[in-house]
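# Kindly return the folded structure for what I paste below:
(4 chains)
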There are 2 protein chains.
Amino acid sequence: MSLRHALLGLLAEQPASGYELTQVFEASLQRFAWHARHSQIYPELNKLADEGLVTVVGSGARNRRTYGLTDDGRAELHRWLVTPPGPPHVRNESVLRMFLLTALPPDDARALLERFAEEGARVEATLAEIRGDDSPEAVLEFGQFAAEFGLRYFRMQQEWAQWAIDALEKAGHTRPG
Amino acid sequence: MSLRHALLGLLAEQPASGYELTQVFEASLQRFAWHARHSQIYPELNKLADEGLVTVVGSGARNRRTYGLTDDGRAELHRWLVTPPGPPHVRNESVLRMFLLTALPPDDARALLERFAEEGARVEATLAEIRGDDSPEAVLEFGQFAAEFGLRYFRMQQEWAQWAIDALEKAGHTRPG
DNA sequence: ACCCGCATGTAAGCCGTTACATGATTTC
DNA sequence: GAAATCATGTAACGGCTTACATGCGGGT
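Coordinates of the predicted model:
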């Protein structure tokens, strides 16, 4: 169960409310790391609070509660990070689609690859803005490592899609239809 | 629910038994596209057979059944592939860990990054072997697109980890400790 | 006043994991 | 004939999605 550690990790950077954490997932995390909805995040925060890993450090209008890490929470995050993970288990629907391309006639496949490349270009541009400042100090802030990873990932996605389009084309010359 | 489409896609390439499909997931698919266990695959195959999307095309010892796509199954796969997907929902524990690195003291972070880079190198080497032949004909076979994607992904992973290690070091000089 | 966005919550049902379970065939 | 591997299955439980639900606060 990685959701709780994702939450602990985000709160290690700075205290936040469930609403704000939900926005972080929606805006960035879900694109290349982890996906979660508010209906999962709120109960999990309450559970973490019950277990003493996070605690309410502030409150505002509309029943807003800001959570921060406790010492136990920080210890648990650290423990999880340094424990060697098992074999990787990935679920990525975009990539799955690309792997099943060969089931399509070349023209359809080509159209999908172009869409995939275009998505890569679009997200890369967004992330380049987010990244912004890349001075040594700024890069240590949370989100800078992530943004750089995303940038490289989506650039790779574009390049691969272009390679695949070329491969399709070459094969088309060799055995048309 | 992408599992059924993963199965349909694999069966579009060639007929296979549940056991063989499980091995494909274990050997390659789960590393960068989709993860599933036999306990999920067998019931899903039975469901797909009930719905007429796949059918038993052969049987062997030990109650082994080989499944193939029906016309309905091929149509469903095609429909799914050409339907534009919603916003991407990714779950990747390795990447999540890397995003939460800044919660660790630099030495621990560096150790994790080195492990991450090493994993990239190891998997890249494995995939380079799988890829093998890259003639235009071979590249159209299922697994060639996938292997190339994996190759580039894990190379990117290494390069990013090296970048992050350098960034940590530079920051260490700027504000030691 | 009204509307939109903020902010949190819950319940039903599906998807996925872990564990348990069984028997057949091949290999040594 | 013992052990390893092939081959499939199921049940309980926990994670996740979808949908429904509620109310406050700020802006116009």
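# tell me which residues of the lengthiest helix in chain A are tucked away?
Assignment by DSSP state H gives helix A:144-174 as the longest helix of chain A. Residues A:144-158, A:160-161, A:163-165, A:167-168, A:171 are the ones in helix A:144-174 that count as buried (16 or more other Cβ atoms under 10 Å in any protein chain shown). Every C-beta, even on glycine, is put in place using the N, C-alpha and C of the backbone.
# What parts of chain A come near DNA strand D?
A:1-3, A:35-37, A:39-40, A:61-63 (Cβ under 7 Å from any atom of the strand).
# out of the residues you listed, who's nearest B:Glu26?
Checking the residues of chain A next to DNA strand D against B:Glu26 with Cβ to Cβ, the nearest one is A:Ser2 at 20.6 Å.
# what's the burial count for the closest residue to A:Glu93 other than its chain neighbours?
Of all residues not flanking A:Glu93 in the chain, B:Ser2 sits nearest, at 5.3 Å (Cβ to Cβ, 6 or more residues apart in numbering or on different chains). Counted with other Cβ atoms under 10 Å in any protein chain shown, residues neighbouring B:Ser2 total 19.
# re earlier: indicate whether the longest helix of chain A makes contact with chain B.
Yes: contact of helix A:144-174 with chain B (Cβ under 8 Å from any Cβ of the partner chain) involves A:145-146, A:148-149, A:152-153, A:156, A:159-160, A:163-164, A:167-168, A:170-171, A:173-174.
# Which other helices and strands does that helix contact?
helix A:30-32, helix A:106-131, helix A:136-139, helix B:93-99, helix B:136-139, helix B:144-174 (3 or more Cβ pairs under 8 Å, 6 or more residues apart in numbering or on different chains; DSSP states H and E).
# Let me see the domain layout of chain A.
A:3-82, A:93-174 (automatic domain parsing).
# so how far is the last one off the chain centroid?
Domain A:93-174 has its average C-alpha position 14 Å from the chain's average C-alpha position, going by Cα atoms, centre = their mean, to the nearest Å.
# again, but for the first one
Averaging C-alpha positions (Cα atoms, centre = their mean) puts domain A:3-82 15 Å from its chain's average.
# Can you pull the poorly scored residue ranges out of chain A?
A:132-140, A:174-177 (pLDDT under 70).
# Would you mind listing what in it touches DNA strand C?
A:17-20, A:22, A:38-39, A:42-43, A:45-46, A:60-65, A:89, A:91.
# could you pick out which of the residues you listed are near chain B?
Okay, of the residues of chain A next to DNA strand C touching chain B (Cβ under 8 Å from any Cβ), that's A:89, A:91.
# Return a PyMOL selection command for the buried portion of the residues of chain A next to DNA strand C.
Per 16+ other Cβ under 10 Å, the buried members of those correspond to this PyMOL selection:
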select buried, chain A and resi 17+18+22+45+65+89+91
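# burial count for A:Leu29?
23.
# Equivalent analysis for the one 5 residues further on, please.
Applying other Cβ under 10 Å, we find 22 residues neighbouring A:Trp34.
# ok, back up a step: restricted to helices, list the residues of chain A next to DNA strand D.
Short answer: those in helices (DSSP H) are A:3, A:39-40.
# Take the residues you listed and write them to CSV, including distance to A:Leu11.
Formatted as CSV, those follow (distance: Cβ to Cβ, whole Å):
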residue, distance to A:Leu11
A:Leu3, 13
A:Ser39, 19
A:Gln40, 16
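# quick one: which of those is nearest B:Gln30?
Looking across these and measuring by Cβ to Cβ, the closest to B:Gln30 is A:Leu3, at 19.7 Å.
# In contact with A:Gln30, which residues are there?
Residues in contact with A:Gln30 (Cβ atoms under 8 Å, 6 or more residues apart in numbering or on different chains) are A:36, B:87-90.
# From the residues you listed, which land in strands?
B:Val90 (DSSP state E).
# ok, now which ones touch A:Ser94?
Counted by Cβ under 8 Å, 6+ apart, A:Ser94 has contacts A:116, A:119, B:85, B:88.
# Please report how far A:Ala125 lies from DNA strand D.
26 Å (Cβ to the nearest atom of the strand, to the nearest Å).
# Please disregard the earlier target; I meant A:Arg115.
21 Å.
# With A:Val54 instead?
Counting by Cβ to the nearest atom of the strand, the gap from A:Val54 to DNA strand D is 16 Å.
# Could you do A:Glu76 as well?
14 Å.
# which residues touch that residue?
A:5, A:8, A:53.
# Now whichever strand or helix holds the second one: buried residues?
So that's A:Leu8. Element membership for A:Leu8 (DSSP states H and E) is helix A:3-13. Burial within helix A:3-13, assessed by neighbour count using 16+ other Cβ under 10 Å, is assigned to A:3-12.
# Surely A:Ala164 and B:Glu148 touch.
Yes: counting by Cβ atoms under 8 Å, A:Ala164 does reach B:Glu148; the two are 7.5 Å apart.
# what helix or strand is A:Val57 on?
strand A:54-59.
# can that strand be found next to chain B?
No: legend: contact between strand A:54-59 and chain B by Cβ under 8 Å from any Cβ is lacking; minimum distance shown is 13.6 Å.
# Going toward the C-terminus from that strand, what's the next helix or strand?
Next element after strand A:54-59 (DSSP H and E): strand A:65-69.
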